[in-house]
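Novice: give me coordinates for this.
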Amino acid sequence: MVMEKEAVTIRFPSELMRQAKRLKSGKESFNELVVEAVEREVRRRKALEAHDTIQRLREQVKRRTGVHPDPIPLLRQLREGESELE
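Specialist: Numbering: from 1, shown residues only. Got it, this is the predicted structure:
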């Protein structure tokens, strides 16, 4: 899949520019380095947004239904074949 590209002008702090040029691999263009960094940041921000949404939904459910008891003791009893619940 060929992605459409758009040209932009970005002003980097000089020291950051020197570090980036020094750290990129030999065959990698500076453009590739920047595109990869922006892609990673977009993925990171989407993940943070998803995490925030999940946390918000968990709080809504918790307010609506309250805190539920720990199911592990019940599951252990069921696995062990105990018919009576404590």
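Novice: show me where this protein has helices.
Specialist: 14-23, 30-65, 72-80 (DSSP state H).
Novice: spatially speaking, which residue is in the middle of the protein?
Specialist: Closest to where the C-alpha atoms of the chain average out (Cα atoms, centre = their mean) is A47, at 2.9 Å.
Novice: possible to save the helices of the chain as a markdown table with distance to M3?
Specialist: Heads up, the C-betas are built off the backbone N, CA and C, glycines and all. Shown next, in a markdown table, are these (distance: least, Cβ to Cβ, whole Å):
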| stretch | distance to M3 |
| --- | --- |
| helix 14-23 | 22 |
| helix 30-65 | 10 |
| helix 72-80 | 48 |
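Novice: any chance of the ones you listed in JSON lines, plus distance to V8 and mean pLDDT?
Specialist: As requested, the helices of the chain are arranged in JSON lines below (distance: least, Cβ to Cβ, whole Å; pLDDT from 0 to 100):
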{"stretch": "helix 14-23", "distance to V8": "15", "mean pLDDT": "92"}
{"stretch": "helix 30-65", "distance to V8": "10", "mean pLDDT": "96"}
{"stretch": "helix 72-80", "distance to V8": "53", "mean pLDDT": "90"}
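Novice: from S29, how far off is M1?
Specialist: Distance of M1 to S29, given as Cβ to Cβ, to the nearest Å: 20 Å.
Novice: so for these two, which sits in the more crowded spot?
Specialist: Comparing M1 with S29 by other Cβ atoms under 10 Å, the one with more neighbours is S29, at 10 against 2.
Novice: tell me which residues touch the more buried one, please.
Specialist: Neighbour list for S29: empty [criterion: Cβ atoms under 8 Å, 6 or more residues apart in numbering].
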